[in-house]
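>>> Mind folding the following:
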Amino acid sequence: MSMTFGIVLTPRSGADWARAASAAEQQGYRTILLPDTRFTPSPFPALAAAAAVTTTVRLRPNVLAAPLRTPAATVRETAALQLLSDGRFELGIGSGRPDAAAEAQWLGASWGSPAQRRARLVDTIAAVRAEVNPAPPVVVAANGPKMLTTAAGVADRILLAAGPAATEAELAELVRTAREATDRTLCFTHQVVGIGRRLPIWTATKLGSTADALTDAGAAGMIPAEPSAAAEILEHRREKYGIDEVIVPGELAGDFAPILAYFAEHS
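Residues are numbered from 1 along each chain as shown. Just a heads-up that it's a prediction; the model follows:
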């Protein structure tokens, strides 16, 4: 089990998206990820465009909000992506962000209670696995105990959807909760919040976070800019918790490049 890396990108134009997808593949990222929100391009056509200009990189929404589509709609789109990518699609999915009810209303979709959203998630995953060939790997975003328990039963991988200030101890608790819910072997993903003193603009402006405050709080998503120090931390989490995939915000790609190169050289 070795470390793999994904990068979260958002299209700004067709040409920009093609360049960014190709560059991510050449830089050594295993997976290109795209958010599923009202304010970002729909992930299915965008990932299809990325598939057309790449050959090896994996393609994953990060993550589909299950309540925003019927299971049949997700099956149809997943099958299309599997076809167009020659089997490189990964179904990243969750029960929906707590603040996404307005997005469901805008789309004319039923949001439902937390239990109903978890049930929609399970139904969607079952439908995709039954009707898409080859069935894609399933990555479920989870944070609370009920969602972690649900994810442990259906996911191939769990994205630890912890907040920016979550500590390593809090990540460990999420992993423990998921593992206690199943006898299956689980793999885990965590997203970088900042590198050195650098934060993505959204984290700094919308959340009001600062690198100093997050570092002082012991945020696990803050990693050193020095490659060997960052690698030591990430390898420790891989060995201890099974966190063997790290997601990098696209804005931090330049800062992460030396770390990615370090892993490539020492793998």
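>>> how near is Ala20 to Leu186?
31 Å (C-beta to C-beta, to the nearest Å). Heads up, the C-betas are built off the backbone N, CA and C, glycines and all.
>>> in the stretch 151-267 of the chain, which spans are strands?
157-160, 187-191, 194-195, 222-223, 243-249 (DSSP state E, counting those that start in this stretch).
>>> Which neighbouring elements make contact with the third one?
Counting by 3 or more C-beta pairs under 8 Å, 6 or more residues apart in numbering; DSSP states H and E, the packing neighbours recorded for strand 194-195 are strand 222-223, helix 253-266.
>>> residues in contact with that strand?
200, 203, 211, 214, 219, 221-225, 230, 252, 255-256, 259 (C-beta atoms under 8 Å, 6 or more residues apart in numbering).
>>> Now restrict those residues to buried residues only.
By neighbour count, with 16 or more other C-beta atoms under 10 Å, these hold 200, 203, 211, 214, 219, 221-223, 225, 230, 252, 255-256, 259 as buried.
>>> mind checking how far stretch 41-57 is from the chain centre?
Distance of stretch 41-57 from its chain centroid, counting by C-alpha atoms, centre = their mean, to the nearest Å, is 16 Å.
>>> picking up where we left off before, min pLDDT across the buried ones among the contacts of strand 194-195, which one?
Lowest pLDDT within the buried ones among the contacts of strand 194-195 is found at Thr203 (84).
>>> about what we covered before: output the buried ones among the contacts of strand 194-195 in TSV; the columns should cover distance to Ala166.
Formatted as TSV, the buried ones among the contacts of strand 194-195 follow (distance: C-beta to C-beta, whole Å):
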residue	distance to Ala166
Pro200	16
Thr203	13
Ala211	16
Leu214	10
Ala219	7
Gly221	7
Met222	10
Ile223	13
Ala225	20
Ala230	18
Leu252	18
Asp255	20
Phe256	19
Ile259	20
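>>> and of these, the nearest to Ala181?
Of all the buried ones among the contacts of strand 194-195, Ala181 sits closest to Gly221, with 23.9 Å by C-beta to C-beta.
>>> Quick check on that closest one: phi, psi?
Main-chain torsions, Gly221, degrees, to the nearest 10: phi -80, psi -10.
>>> Equivalent analysis for Ala142, please.
Dihedral angles for Ala142 - degrees, to the nearest 10 - are phi -150, psi 150.
>>> Tell me who's in contact with it.
By C-beta under 8 Å, 6+ apart, the neighbours of Ala142 are 94, 148, 150-151, 155, 158-161, 174, 178.
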